[in-house]
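>>> Any chance you could fold what I've pasted below:
(2 chains)
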Amino acid sequence: MLNFLDVPTSLSLASLEVGHHLYWQIGNLKIHGQVFIVSWIVIGILVTASLLATQNAQRVPKGIQNLMEYALEFVRNLTRDQIGEKEYRPWVPFVGTLFLFIFVSNWSGALVPWKLIRLPEGELAAPTNDINTTVALALLVSLAYFYAGFSKKGLGYFAKYVQPTPILLPIAILEDFTKPLSLSFRLFGNILADELVVAVLVLLVPLFVPLPVMLLGLFTSAIQALVFATLAAAYIHEALEGHGDEHHE
Amino acid sequence: MDIFVRLVAGASFLAETAEAEGGGFGLNFNILETNLINLGIAIAIVVYFGRSFLTKILGERRAAIEAAIQEAETRKKAAAASLAEQQQKLAQAQTEAAAIQSSAHAAADKMKAEILDKGEQDVRRMRESAAQDLDSEQERVINELRQRIAALALQKAEGDLPGRLDNGVQQRLVDRSIALLGEG
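Residues are numbered from 1 along each chain as shown, chains lettered A, B, ... in the order given. Sure, this is the predicted structure:
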């Protein structure tokens, strides 16, 4: 048991890297290479699945066509539930892309043994555990709902800022900043925290003990993808309607 | 507990050696460090439960679609059948209509001929009766004229008679009448 006393020193040397990235230099930009690699892989998976599903479309769907049709149906129902029967149709691709990309990213981070591949620096993981990815997605949502509001009502969209009472104007303006903030941090925080917990547990007890947390992580990842897509649709709906109830987590 | 500690120690040692190998892309086959076993179990669990769940859901979906398509096809067939049936009925009705029309034409022709015939007969009968009427009237007028003339002649004879009648004449007349009686 004396041996046990020596262990902590070696344990502390075990690598658990946060904030290490594989940097690529493009012009003046330093970009996180590992995020791009996994994003491309995720995009590749989605595009391949879509191509395979639509290549030989049957009247009675089977195999991957059935699966992708099911996914499309799910996404369409989600969008319709949030935006409403009348205007949901043009927003299905946007919300669906968000959902599928985030979902596959999260699950790839939780299921694919990325650590098999060693990078010069940093490590491969879900793209959504990088704040840049989630901020980009959240800003896209902001752009989308502003576009929805302006294309529907023109400059009359600003009326909603003083709609119930002008006293709430600062809060209404603040909301435009808090929405992308909360969206991006929720997703980023959940995924990163999940991966960190799993990594720490793996360091402490490599076998079997991390399993429940990993399965919980799978569940959380799926829920986060659903939450992000649902909130995006809800924000778009709010912009289209002008007023209406708030959807907050 | 001891075994776990040893495992961790071994894992961290391997990790250090791996790190010492330096940067650059490469593969890391350290089973404990890459969490392969846990990931394998997780993937197995996901595949096991996910497969049964997905096959169930997708099978149901497929069955529902198949049922819907089949129902639509049977409805289409039924609609086509009823269309054909109705078309047949239409054709039948059209032929019937044509038959009725031709028979009506024939009946109309016949009736026309009959009416014309009857008209001609009527005209003829009326002409005949008119001619008869004319004849009888003529006869009646002629009779009347005769009676009238006879009456006038009698009256004139009666008027003339007293002047021309004397005893001798009367005698002769009576005689002749007696003679006539005797002859008769």
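
>>> roughly how far apart are residue A:49 and residue A:42?
11 Å (Cβ to Cβ, to the nearest Å). Just so you know, the C-beta spots here come from the backbone N, C-alpha and C atoms, and that holds for glycine as well.

>>> Which one of the two is surrounded by more residues?
residue A:42 (24 against 16; other Cβ atoms under 10 Å in any protein chain shown).

>>> Just give me how far the helix or strand where that one lies sits from the chain centre.
Using DSSP states H and E, residue A:42 falls within helix A:33-55. With Cα atoms, centre = their mean, to the nearest Å as the basis, helix A:33-55 stands 15 Å off its chain's centre.

>>> May I have that helix exported as PDB, CA atoms only?
Only the C-alpha atoms of helix A:33-55 are listed here, as PDB (Å, rounded to 0.1, in the frame of the first residue of the first chain):
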ATOM      1  CA  GLY A  33      -7.800  22.800 -36.800                       C
ATOM      2  CA  GLN A  34      -9.200  20.000 -34.700                       C
ATOM      3  CA  VAL A  35     -12.600  21.600 -34.800                       C
ATOM      4  CA  PHE A  36     -12.500  21.900 -38.500                       C
ATOM      5  CA  ILE A  37     -11.400  18.300 -39.000                       C
ATOM      6  CA  VAL A  38     -14.200  16.900 -37.000                       C
ATOM      7  CA  SER A  39     -16.700  19.400 -38.500                       C
ATOM      8  CA  TRP A  40     -15.700  18.200 -41.900                       C
ATOM      9  CA  ILE A  41     -16.100  14.600 -40.900                       C
ATOM     10  CA  VAL A  42     -19.600  15.400 -39.400                       C
ATOM     11  CA  ILE A  43     -20.600  17.300 -42.500                       C
ATOM     12  CA  GLY A  44     -19.300  14.400 -44.600                       C
ATOM     13  CA  ILE A  45     -21.300  11.900 -42.600                       C
ATOM     14  CA  LEU A  46     -24.500  14.000 -43.100                       C
ATOM     15  CA  VAL A  47     -23.900  14.600 -46.800                       C
ATOM     16  CA  THR A  48     -23.100  11.000 -47.400                       C
ATOM     17  CA  ALA A  49     -26.200   9.800 -45.500                       C
ATOM     18  CA  SER A  50     -28.400  12.300 -47.400                       C
ATOM     19  CA  LEU A  51     -26.900  11.200 -50.800                       C
ATOM     20  CA  LEU A  52     -27.300   7.500 -50.000                       C
ATOM     21  CA  ALA A  53     -30.900   8.100 -48.800                       C
ATOM     22  CA  THR A  54     -31.900  10.000 -51.900                       C
ATOM     23  CA  GLN A  55     -29.900   8.100 -54.500                       C
END
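
>>> what are the ranges of the helices in chain B?
B:2-20, B:36-164, B:167-183 (DSSP state H).
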